[in-house]
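J.: build me a model from this:
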Amino acid sequence: MSLECPRVKMTNYRWVICAMLFFATTVNYLDRQVLSLTWKDFIAPEFHWTNVHYGNITALFSIMYAVCMLFAGRIVDRLDTKKGYLWAIGIWSVGACLHALCGVATEAWVELDSAAALRAAEGIDLVARITFVSVTLFIVARSVLALGEAGNFPAAIKATAEFFPKKDRAFSTSIFNAGATVGALVAPVTIPAIASKFGWEMAFIIIGVLGFVWMGFWVFVYKKPHVNPKVNALELAYIQQDGEDVAVRGKSLQRQQKISFWKCFTFRQTWAFAAGKFMTDGVWWFFLFWTPAYLSSVFGLPSDNPTAQALIFVLYAITLLSIVGGWLPTFFVNKKGMQPYEGRMRAMLIFAFFPLLAMFAQPLGRYSYWIPVIIIGIAGAAHQAWSANLFSTIGDMFPKSAIATITGIGGMAGGIASYIINRGSGRLFDYAGRTNMKFMGFEGEASGYFIIFCICSVSYLIGWIIMKSLVPRYKKIEI
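T.: Numbering: from 1, shown residues only. So this is what the prediction gives:
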């Protein structure tokens with residue numbers, strides 16, 4: 001009589017890590033969205049802001065984020081994933097809560113005793129002081145937020161590379177990256193309601209505190225797979241199937257030489273990733289920061305209007321389709337026999353065509369405000385699918401010791417593009433509204449939005465062409 005050993009099943013702890021990355025990214029985008037959903041209808045009347053003031057704040061946030069991304073990736077590589085992520089989310093949660101103090105600080109600075117007094121202020125000099133002080137304080141708070149948020153994606157991409165084989169990284173990235181969509185989805189149905197009932201300050205505080213809650217879980221959840229008791233031998237073998245790591249006696253035998261920071265800029269692969277981020281990140285941030293204002297300015301739907309909230313909810317619900325973007329390269333690899341990088345580039349080309357619909361958003365908006373919202377949602381889904389694959393190209397071509405650094409460099413490029421589009425948009429919209437500018441049959445701010453939508457629509461194809469020109473075929477960095 002023979003005794004059969006019970007069959008050991010592979011653990012799936014890597015998906016627990018993916019879930020933690022998803023929740024961190026959700027909180028990241030919730031914190032980022034609070035201002036865009038409160039400034040037009042709650043904050044601007046109090047501080048006498050215009051589109052230019054908001055555009056300047058978001059633009060400077062973008063450039064601060066860009067600068068911080070350049071160094072955040074390097075810091076995450078030095079601190080490693082667990083500590084790097086804790087520092088990142090701790091700093092950005094503090095920054096999120098700091099926004100709530102800007103009103104009280106402005107009152108004290110200009111020597112007024114309430115928010116009502118700020119709103120009722122008259123006289124060019126007093127209004128100018130209120131505007132200048134409040135904008136400056138919000139820029140400081142946004143800078144702290146940017147400093148912390150810059151660490152999110154370098155840490156998340158590094159964690160993904162540590163827990164997933166190459167063929168699964170785009171899919172896992174698309175899942176945690178969907179946190180951006182869920183954050184943007186939850187935001188319009190929660191933040192304006194909080195601001196209406198408790199004041200805009202409490203919206204920043206309540207959302208900011210979520211980051212500290214996440215930190216409490218991360219401390220106990222995250223350990224590298226080869227020393228993680230929740231990861232059994234079968235799952236570890238699955239994670240390490242690419243042969244990049246070997247684990248013996250609980251210690252990694254991987255001994256990757258560190259790539260110097262400046263050496264990273266000598267690789268075409270770095271510039272390809274940076275080009276992809278530069279051409280497309282600004283588009284996503286434009287949709288994220290300006291869609292609520294677009295509905296308010298063009299269609300007369302303020303952010304606390306139930307119809308506006310439903311529109312934003314539907315927009316980001318459509319964006320959840322981006323998860324398919326992570327599955328498509330896996331299909332190309334498993335079913336079509338493509339190499340991972342080739343499969344990703346094929347998928348990215350497909351996604352690059354969908355944003356072309358954005359150039360029809362404003363013209364079709366004449367029939368119904370639902371049409372541009374649906375189109376923006378499709379473009380947003382294409383962006384998130386594109387982004388998940390773009391991030392995964394780093395793990396395809398660079399050693400794990402450099403992944404966060406390269407992510408940071410690309411993030412800096414994306415932040416610069418976001419600065420340009422946000423600053424330019426604010427000025428364009430105010431100019432268009434002030435002069436009743438006419439362009440292609442549109443007038444006022446609507447003409448400005450049409451111009452920006454057209455720019456956004458072609459950015460992905462241009463980005464793909466640049467990337468393909470720099471790295472036409474897969475080539476891994478050898479040190």
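J.: hey, where'd the strands end up in this structure?
T.: Secondary structure of the chain (DSSP state E): strands located at 247-248, 251-252, 438-439, 442-443.
J.: in its sheet, what does the last one sit against?
T.: Strands adjacent to strand 442-443 in the sheet, as given by DSSP bridges, are strand 438-439 (antiparallel).
J.: residues touching the closest residue to residue 79 other than its chain neighbours, list them.
T.: Closest residue to residue 79 apart from its sequence neighbours, by Cβ to Cβ, 6 or more residues apart in numbering: residue 87 at 6.8 Å. From N, CA and C alone the C-beta is placed, and that goes for glycine too. For residue 87, the contact set (Cβ atoms under 8 Å, 6 or more residues apart in numbering) comprises 75, 79, 148, 151.
J.: make TSV from the residues you listed and add neighbour count, distance to residue 91 and pLDDT to it.
T.: Formatted as TSV, the contacts of residue 87 follow (neighbours: other Cβ atoms under 10 Å; distance: Cβ to Cβ, whole Å; pLDDT from 0 to 100):
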residue	neighbour count	distance to residue 91	pLDDT
75	20	11	87
79	17	13	86
148	24	3	92
151	31	8	89
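J.: closest one to residue 63 out of those residues, please.
T.: residue 148 (15.9 Å; Cβ to Cβ).
J.: any idea how far residue 102 is from the closest one?
T.: Distance, residue 148 to residue 102, using Cβ to Cβ, to the nearest Å: 17 Å.
J.: for residue 135, same thing?
T.: Relative to residue 102, and taking Cβ to Cβ, residue 135 is found at 9 Å.
J.: go on, residue 180?
T.: 25 Å.
J.: tell me which of the two has more neighbours.
T.: Set residue 180 next to residue 102 and count neighbours by other Cβ atoms under 10 Å: residue 180 wins out with 28 against 25.
J.: which residue is the nearest non-sequential neighbour of that one?
T.: residue 29 (4.6 Å).
J.: surely the one you found is in contact with residue 188?
T.: No - assessed by Cβ atoms under 8 Å, residue 29 is found out of contact with residue 188, at 11.9 Å.
J.: who has more neighbours, these two?
T.: Comparing residue 29 with residue 188 by other Cβ under 10 Å, the one with more neighbours is residue 188, at 26 against 21.
J.: how about the more buried one, what does it touch?
T.: 33, 37, 292, 303, 308-309, 312-313, 316.
J.: skipping its backbone neighbours, what lies nearest it in space?
T.: residue 312 (3.7 Å).
J.: the one you found contacts residue 292, correct?
T.: Yes - the criterion here is Cβ under 8 Å, and residue 312 meets it with residue 292 at 6.6 Å.
J.: mind listing the shared neighbours of these two?
T.: With Cβ under 8 Å, 6+ apart, residue 312 and residue 292 have common neighbours 188, 303.
J.: tell me the pLDDT of the residue nearest to residue 188.
T.: For residue 312, the pLDDT comes out at 82.
J.: can you check residue 349 too?
T.: 92.
J.: got the contact list for it?
T.: Applying Cβ under 8 Å, 6+ apart, the residues near residue 349 are residue 464.
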